[in-house]
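1. Just a sequence and a predicted model for now, questions to come.
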Amino acid sequence: MHEMALCESVVRILEEQAHEQGFAKVTVVRMAIGQLSQVELESFRFCFGAVAQGTLAAGAQLDIETPDGKAWCLDCRRDIRLARLGEACPDCGGYALQITGGEEMRITELEVE
Ligand SMILES: [Zn+2]
């Protein structure tokens, strides 16, 4: 499962940070997962809980922000909001779009002990 692999890499990053910064436990993980990142949030949360078991992130709270999808429409020559990949420009109905935001997936903040 795609989400399982993502959660494993998040926990790996947390372990690296813990090693570098010398903390032993993560209590809150804040993340930004863009609306165009193709990550299923429900499944991501579920996998995170499972993957975190027995690690420094066991029982950590997961706060997820979901930045809007954005694209540049080559025909309208302006930024538009895009709810999902594969959608047309809401103004001209065209598909000449360059994604400019909402594909990110990153850890924004940690609370640690
Ligand atoms: Zn357009």
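-> Cool, got the structure. Residues are numbered from 1 along each chain as shown.
2. From here on, just use CA atoms for contacts and neighbour counts.
-> Noted.
3. what's downstream of the longest helix belonging to the chain, the next helix or strand?
-> The residue-count maximum for a helix in the chain (DSSP state H) belongs to helix 2-21. For helix 2-21, the succeeding helix or strand toward the C-terminus, using DSSP states H and E, is strand 26-33.
4. Quick one: work out the angle between that following strand and helix 2-21.
-> Between strand 26-33 and helix 2-21, the angle comes out at 130 degrees (axes from the mean of the first three to the mean of the last three Cα atoms, to 10 degrees).
5. beta partners for the residue nearest the centre of the chain?
-> For the chain, the residue nearest the mean C-alpha position is Ile33 (2.2 Å; Cα atoms, centre = their mean). For Ile33, the beta-bridge partners under DSSP bridges are Met105.
6. That one contacts Ile64, correct?
-> Yes. Shown here, Ile33 and Ile64 form a contact pair, counting by Cα atoms under 8 Å, at 6.7 Å.
7. got a list of what Leu41 touches?
-> Contact criterion Cα atoms under 8 Å, 6 or more residues apart in numbering gives no residues in contact with Leu41.
8. Would you mind naming what in this protein lies close to the ion?
-> 73, 76, 89, 92 (Cα under 5 Å from the ion).
9. which of these tops the neighbour count?
-> Cys73 (23 neighbours; other Cα atoms under 10 Å).
10. for Gly94, what are its contacts?
-> 73, 75, 88.
11. any chance of those in TSV, plus pLDDT and secondary structure?
-> Formatted as TSV, these follow (pLDDT from 0 to 100; DSSP: H, G, I helix; E, B strand; the rest coil):
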residue	pLDDT	secondary structure
Cys73	98	strand
Asp75	97	coil
Ala88	96	coil
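12. Pick the one among those closest to Glu16.
-> Compare each of the contacts of Gly94 with Glu16 using Cα to Cα and the shortest gap goes to Cys73, at 39.5 Å.
13. in terms of contact, does the closest one touch Leu97 like I think?
-> Yes. Under the criterion of Cα under 8 Å, Cys73 makes contact with Leu97 at 4.7 Å.
14. Brilliant, that's me finished.
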